[in-house]
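1. Below: sequence and its predicted model.
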Amino acid sequence: MKELKKAAPKKEIAQTQVTQSNDLGAIQISDSVISSLVKKAALSVDGVSRLASNFVDNIAEIVGSKTSSRSINIITEDDKVEVVIKINIKFGFKIPQVAAQVQSVIIEDVESVTGMNVSKVNVIVQEIEDPQEEIEEEESTDDNQVIPNIDK
């Protein structure tokens, strides 16, 4: 007689919430809030083209999933936050300068809005994007478009 293996219970992925308390009660800040702040701060830096993504992220974005959750990792411990962010940088910008600016802006924005201490911001530059290549791709796709004939 075959033994049936019990399937392991699926683990629910709970989004960490940072809790701060005061005399009035508790304040909870979800990782998604911090992630939104990080995304907005990073994209405000001149030279950052977008958050990095891969093929799976592109498909997920088409079906409505957020890619920022894959490009930004938030690690919280007590009142400290550590951020890992993957970005793409525009061609012609100096990577160390853009990455340092991303770090500074993220620290400033997250600390000022949440009141938490940002202990570390790790920036991973995934790609360099050349805006000229994007323009050429758009032009070549425009040339291949078929214009319907409406004279009938």
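-> Sure thing, it's come through. Given the structure is predicted, the values throughout are model-derived calculations rather than measurements.

2. looking at the chain, which helix or strand does the model trust least?
-> The helix or strand of the chain with the poorest confidence is helix 55-62; it has a mean of 57 (mean pLDDT, DSSP states H and E).

3. for the top strand by length along the chain, what is the average pLDDT?
-> Secondary structure of the chain per DSSP state E: the longest strand is strand 117-129. Rounded to a whole number, the mean pLDDT of strand 117-129 is 96.

4. In the chain, where is pLDDT below threshold?
-> 1-19, 54-69, 131-152 (pLDDT under 70).

5. repeat that with 80
-> 1-21, 54-69, 78-79, 131-152 (pLDDT under 80).

6. thinking again about what came up before, pull out the buried residues from the longest strand of the chain.
-> Residues of strand 117-129 classed as buried under the neighbour-count rule (16 or more other CB atoms under 10 Å) are 118, 121, 123, 125. Yep, even glycine has a C-beta here, placed from its N, CA and C like the rest.

7. and it, which strands flank it?
-> strand 80-90 (parallel) (DSSP bridges).

8. Next SSE downstream of the partner strand?
-> helix 95-114 (DSSP states H and E).
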